[in-house]
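Trainee: Please find the sequence and the predicted model below.
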Amino acid sequence: MEEVTFLDLVNKYVGGEMSPSEKLEFETYLSNNMTAQKRMADHIELVKGIRAAAREELRTELKKIKEQMESPLEVTDSLSSASDDQIQPFSLKRWVPYIAAVFFLGMIAYFNLERDQQAEYSDSVVFEENGYDEELAPIEPENEKTGPIADQAEPIESKVAKKSLDSQTTINGIESVVQVRILPKAGMVGSPTAEPFFIQVYEGRNNEFHIAEDTLILYMDLKKEGLLYENKTRFTILSNGILEVNKDSINLRFIQKRE
Amino acid sequence: MSTPSKLNDEEILRRIVHRDALAFQNLYAYHTPAIRSYLTIQGVQEADILEIEQEVIIHLFEKCVEGSFHLHKSTKLSTYLYGVGKKAWINKNRKSKKYEYTQEVLDTEDVTVDDEEEFSEKSQKVQDVFPSLSVACQKVLTMYYYERKSMKEISELVGDPNEDTTRKRKYKCLQRIKMLIK
């Protein structure tokens, strides 16, 4: 029996997913085949090891979440006018140097910028590497659906940028603007029915906008893209920097903070 | 400590199978504090409490992805997890014998402790080499064998054109592990 098929059968057998007749047939096959019995025993041990490693990885993830929840909030000068109970619970610790640099070096420029110039600025923040995508690039890249989307990017990007800048939201008293951009390169991660977007979150007061968080990758159903900004969707930034969209009608597949 | 927006029990159970951070945050913020209080009263040290909190959450996650967890209408998730936390502590202490049980613990009914899974040398080797696999391999194997996702789901999540490609990818990853543990 071919190895791939055999392993699938073992997985079904161990997982209790076989029908009684399939189970009987497989057990008969095993009872007459010592080699197959050994292969199955080996595979079960291998799976145990994988599960243990995956569990360990989850432990690390939980530890990180717990630590993030307990980390003290740092507030920058530009946000200090907000009262303590208005301060949102996500940590700005990592972004303090960046925000400070933007504040001191670009304050005057920001006052003079038009809103659409803000959109242009964000365009310059393009990520040069995409290790995650590369890791998950298909073995056989024959899938046309995950090909370049640069052709579509231009009109969608400009439309979204304009609309999103009009869609100021208030998060715990801090005004925010969310800018959505379509991923400008090929090889994106996601299901063939989902397209990833770059989202950049700005904190703004009195029309001053500056980058408060790094770019996030958002996976969502492209058909629901319009809802994201047309309905002035509210966003919550969680303590770990993950952006959560609080709208049931928008089915977010996956949000990952870019490292 | 920051407090996440509160989710109801059903929402937590729906989200946890996707390893949703908000679900985990909710468990830490609203469901494990009762376990923490109980263990603190029992004199359990902070490091052990953290470990037990993790075990409780991992237990729930694994039950949910296996599809073997169903909360009775009359039971709250926090009540269930409180019981799991007690059992996890007893399980942990059974080996280490670090703490003495109080009469209350000894009187606890319905405490059945699962035996921990025994690992062969081979399983241990697999666990050791797993982090050296490519991220893609780790993800595919984790999703399939730990998160119990279907090949179709995995195929979509990793952007493979079809299930066959993902199946071949998984097979290659398994072969890679076998090579590494030789």
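Mentor: Noted; the coordinates are in hand. Numbering: from 1, shown residues only, chains lettered A, B, ... in the order given.

Trainee: Report the residue ranges of every domain in chain B.
Mentor: For chain B, the structural domains run B:9-107, B:121-181, going by automatic domain parsing.

Trainee: Which of those comes out lowest on mean pLDDT?
Mentor: The minimum mean pLDDT among the domains of chain B belongs to domain B:9-107 (a mean of 86).

Trainee: quick one on the thing from earlier: buried deepest among the domains of chain B, which one?
Mentor: domain B:121-181 (a mean of 18; mean count of other C-beta atoms under 10 Å in any protein chain shown). For glycine as for every other residue, the C-beta is placed from the backbone atoms N, C-alpha and C.

Trainee: And that one, end to end?
Mentor: One end of domain B:121-181 sits 10 Å from the other (C-alpha to C-alpha, to the nearest Å).

Trainee: What is the distance between it and the centre of its chain?
Mentor: 19 Å (C-alpha atoms, centre = their mean, to the nearest Å).

Trainee: Give me the contacts around stretch B:42-56.
Mentor: A:59, A:62-63, A:66, B:27-28, B:32, B:35-36, B:39-40, B:81, B:84-85, B:88-89, B:92, B:98-99, B:102, B:105 (C-beta atoms under 8 Å, 6 or more residues apart in numbering or on different chains).

Trainee: and what of stretch B:172-182?
Mentor: A:7, A:46, A:49-50, A:139, B:122, B:125-126, B:129-130, B:132-133, B:137, B:140-141.

Trainee: mind redoing it with 6 Å?
Mentor: B:125-126, B:129, B:137, B:140-141 (C-beta atoms under 6 Å, 6 or more residues apart in numbering or on different chains).

Trainee: Also within reach of chain A: list those from those residues.
Mentor: The residues of the contacts of stretch B:172-182 that also fall near chain A, by C-beta under 6 Å from any C-beta of the partner chain, are B:126, B:141.

Trainee: Which two of the contacts of stretch B:172-182 have the greatest separation?
Mentor: The span of the contacts of stretch B:172-182, defined through C-beta to C-beta, is set by B:Lys125 and B:Val140 at 19.7 Å.

Trainee: Secondary structure element holding the spatially most central residue of chain B?
Mentor: Centroid-nearest residue in chain B: B:Ile58, 1.8 Å away (criterion: C-alpha atoms, centre = their mean). Here B:Ile58, judged by DSSP states H and E, is contained in helix B:46-66.

Trainee: Show me how far that helix is from its chain's centre.
Mentor: On the basis of C-alpha atoms, centre = their mean, helix B:46-66 sits 5 Å off its chain's mean C-alpha point.

Trainee: Quick one: name whatever helix or strand follows that helix.
Mentor: By DSSP H and E, the next helix or strand past helix B:46-66 is helix B:77-96.

Trainee: Give me the residues contacting that next one.
Mentor: So helix B:77-96 is contacted by B:9, B:31, B:34-35, B:52, B:55-56, B:59, B:99, B:111, B:113 (C-beta under 6 Å, 6+ apart).

Trainee: ok, so of those residues, who is nearest B:Glu153?
Mentor: B:His59 (22.8 Å).

Trainee: Quick one: residues contacting the closest one.
Mentor: By C-beta under 6 Å, 6+ apart, the residues touching B:His59 are B:Val84.

Trainee: Give the closest residue to the closest residue to chain A within chain B in space, chain neighbours not counted.
Mentor: Using C-beta to the nearest C-beta, the single residue of chain B nearest to chain A is B:Val126, 2.4 Å away. In this structure, B:Val126 finds its nearest non-sequential neighbour in A:Gly49, 2.4 Å apart by C-beta to C-beta, 6 or more residues apart in numbering or on different chains.

Trainee: What count of nearby residues applies to the one you found?
Mentor: 24 (other C-beta atoms under 10 Å in any protein chain shown).

Trainee: Kindly provide the distance from it to B:Gly83.
Mentor: Per C-beta to C-beta, to the nearest Å, A:Gly49 is found 30 Å from B:Gly83.

Trainee: Verify the stated contact: B:Lys122 with A:Ile44.
Mentor: No: in this structure B:Lys122 lies outside contact range of A:Ile44 using C-beta atoms under 6 Å: 9.7 Å.

Trainee: Spell out which helix or strand contains the closest residue to chain B within chain A, please.
Mentor: Relative to chain B, the nearest point of chain A is A:Gly49 (2.4 Å; C-beta to the nearest C-beta). Under the criterion of DSSP H and E, A:Gly49 resides in helix A:34-70.

Trainee: I'd like the average pLDDT over that helix.
Mentor: 91.

Trainee: Show me which residues of it are buried.
Mentor: Using 16 or more other C-beta atoms under 10 Å in any protein chain shown as the test for burial, helix A:34-70 gives A:36, A:39-40, A:43-55, A:57-58, A:62, A:65-66, A:68-69.

Trainee: B:Ile16 reaches B:Cys64, doesn't it?
Mentor: Yes: with contact defined as C-beta under 6 Å, B:Ile16 and B:Cys64 form a contacting pair (5.2 Å).

Trainee: quick one: contacts for the closest residue to B:Arg148 other than its chain neighbours?
Mentor: Excluding the flanking residues, the one nearest B:Arg148 by C-beta to C-beta, 6+ apart is B:Val65, at 4.7 Å. B:Val65 is in contact with B:17, B:147-148, counting by C-beta under 6 Å, 6+ apart.
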